[in-house]
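>>> how does the following fold in three dimensions:
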Amino acid sequence: MFKPEKFIPNAIKQVKDEIGDEKAIIALSGGVDSSVCSVLVKEAIGDNLTAVFVDHGLLREGEAEQVCNIFEDRLNFKYVDASEEYLKELEGVNDPEEKRKIIGRVFIEIFEREAKKIDAKFLVQGTIAPDWIESEGKIKSHHNLALPSLMVLKFVELIRELYKDEVRLIGDELGLPEELVQRQPFPGPGLAVRVIGPLTKENLRICRKADAIVREEIKASGVDKDLWQYFAVLTDTKVTGVKGDQRDFGYLVVLRLISSIDAMTAYVPELPWSVIRKISQRITSEVPEVTHVALSISDKPPSTIEFE
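Next up is the predicted model:
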């Protein structure tokens with residue numbers, strides 16, 4: 001049985017031995033994985049750690065502001081707005097694996113650029129076991145594992161062999177806020193893998209608004225505690241609808257509401273139909289570009305949790 005109280009001092013010692021008096025940066029996303037790593041590394045090397053939060057323009061509604069509010073006074077924190085850089089690189093790209101590889105490459109370029117400014121030698125990452133298992137199995141690439149051979153920085157991956165439920169136990173043991181520890185997983189490539197087809201500011205806006213409605217209604221209903229992830233996917237399919245007694249031709253949005261323990265397997269639980277109906281009604285009325293909402297009922301395997 002995993003015991004976080006034993007893992008924590010061993011991890012701190014590992015960081016001290018590995019990094020010593022050198023400087024390090026951490027790729028902080030605001031999720032439990034990178035947050036746990038940031039606390040452990042700060043405990044080991046203090047202000048020699050700089051937490052870099054990169055806004056790649058692919059975040060959920062209000063997410064950048066939330067991360068800044070939580071961490072800017074707790075860590076040696078730096079915010080980097082790289083949204084235009086990412087969107088320019090991703091312009092016209094359809095293939096999901098190509099999206100992930102581009103995001104991984106730009107991720108590395110940004111962090112090496114930031115590391116040079118403070119003379120950092122190490123990059124701390126919140127990589128966990130499902131990340132490298134899926135990458136090595138060629139199920140999908142993870143942005144933080146995309147191009148390690150090109151890195152000048154040395155990697156520090158404290159929780160590489162752990163699963164999400166174990167990382168959450170560490171977060172509880174460290175006294176991190178419950179809303180952070182229990183925050184639903186969000187992929188590193190962000191909404192890039194929840195918008196099918198090429199990315200534009202417009203379709204990112206549509207996906208972001210639909211996703212915000214899903215999160216609001218799931219939380220308001222209280223079923224968020226029974227779910228691992230819950231989100232909206234904007235497809236590149238358009239279907240006929242009727243709005244204001246007139247024909248409309250808008251996007252199809254798919255809801256993904258799944259339960260899991262460690263993300264290696266997942267299933268779609270039975271949820272109150274009234275909640276699903278309300279989500280659908282709100283999306284089609286509040287997001288004018290959407291005419292249809294569908295529900296994904298496929299488990300993992302054979303499906304993956306994300307659509308891309």
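
>>> name the helix or strand of this protein that has the lowest mean pLDDT.
Ranked by mean pLDDT, DSSP states H and E, the helix or strand of the chain with the weakest confidence is helix 129-136, at a mean of 74.

>>> ok, then the element right after that helix?
Of the helices and strands lying after helix 129-136 in sequence (DSSP states H and E), the nearest is strand 154-156.

>>> quick one, helices of this structure?
Under the criterion DSSP state H, the chain contains helices at 4-19, 32-45, 63-71, 83-90, 96-118, 129-136, 164-174, 178-181, 201-221, 273-286.

>>> how about CSV for those helices, with distance to residue 242 and mean neighbour count added?
Every C-beta, even on glycine, is put in place using the N, C-alpha and C of the backbone. Formatted as CSV, the helices of the chain follow (distance: least, C-beta to C-beta, whole Å; neighbours: other C-beta atoms under 10 Å):
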stretch, distance to residue 242, mean neighbour count
helix 4-19, 54, 15
helix 32-45, 43, 24
helix 63-71, 34, 17
helix 83-90, 33, 16
helix 96-118, 32, 18
helix 129-136, 41, 17
helix 164-174, 42, 19
helix 178-181, 40, 14
helix 201-221, 19, 19
helix 273-286, 10, 16
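
>>> what's the closest of these to residue 302?
Nearest of the helices of the chain to residue 302, taken as C-beta to C-beta: helix 129-136 at 14.2 Å.

>>> dump the residue contacts of residue 171.
With contacts defined as C-beta atoms under 8 Å, 6 or more residues apart in numbering, residue 171 is in contact with 32, 35, 36, 180, 181.

>>> and if we set it to 7 Å?
Neighbour list for residue 171: 32, 35, 36, 181 [criterion: C-beta atoms under 7 Å, 6 or more residues apart in numbering].

>>> ok, and the closest non-adjacent residue to it?
Distance criterion C-beta to C-beta, 6 or more residues apart in numbering; nearest residue to residue 171, sequence neighbours excluded, is residue 181 at 3.9 Å.

>>> how near is the residue lying farthest from the centre of the chain to residue 71?
Of all residues in the chain, residue 245 has its C-alpha farthest from the mean position, at 39.3 Å, by C-alpha atoms, centre = their mean. For residue 245, the distance to residue 71 equals 49 Å [C-beta to C-beta, to the nearest Å].

>>> and what of residue 117?
Residue 117 sits 19 Å away from residue 71, going by C-beta to C-beta.

>>> and what of residue 32?
When residue 32 is compared with residue 71 (using C-beta to C-beta), they lie 13 Å apart.

>>> ok, and the closest non-adjacent residue to residue 24?
residue 122 (3.8 Å).

>>> what is the burial count for that neighbour?
Taking other C-beta atoms under 10 Å as the neighbour definition, residue 122 ends up with a count of 22.

>>> test my guess that it contacts residue 157.
No. Using C-beta atoms under 7 Å, residue 122 and residue 157 do not qualify as a contacting pair, with a distance of 10.7 Å.

>>> just for this structure, where's the confidence low?
When residues are selected by pLDDT under 70, those of the chain lie in 132, 134-151.

>>> which strand is the longest one in it?
The strand of greatest length in the chain, counted in residues with DSSP state E as the criterion, is given as strand 229-243.

>>> contacting residues around that strand?
Counting by C-beta under 7 Å, 6+ apart, the neighbours of strand 229-243 from elsewhere in the structure are 184-185, 194-197, 203, 206-207, 210-211, 214-215, 218, 224, 247-258, 291-292, 305, 307.

>>> which of those residues count as buried?
Listed as buried from the contacts of strand 229-243 are 184-185, 194-197, 203, 206-207, 210-211, 214-215, 218, 248, 250-258, 291-292, 305, 307; burial here means 16 or more other C-beta atoms under 10 Å.
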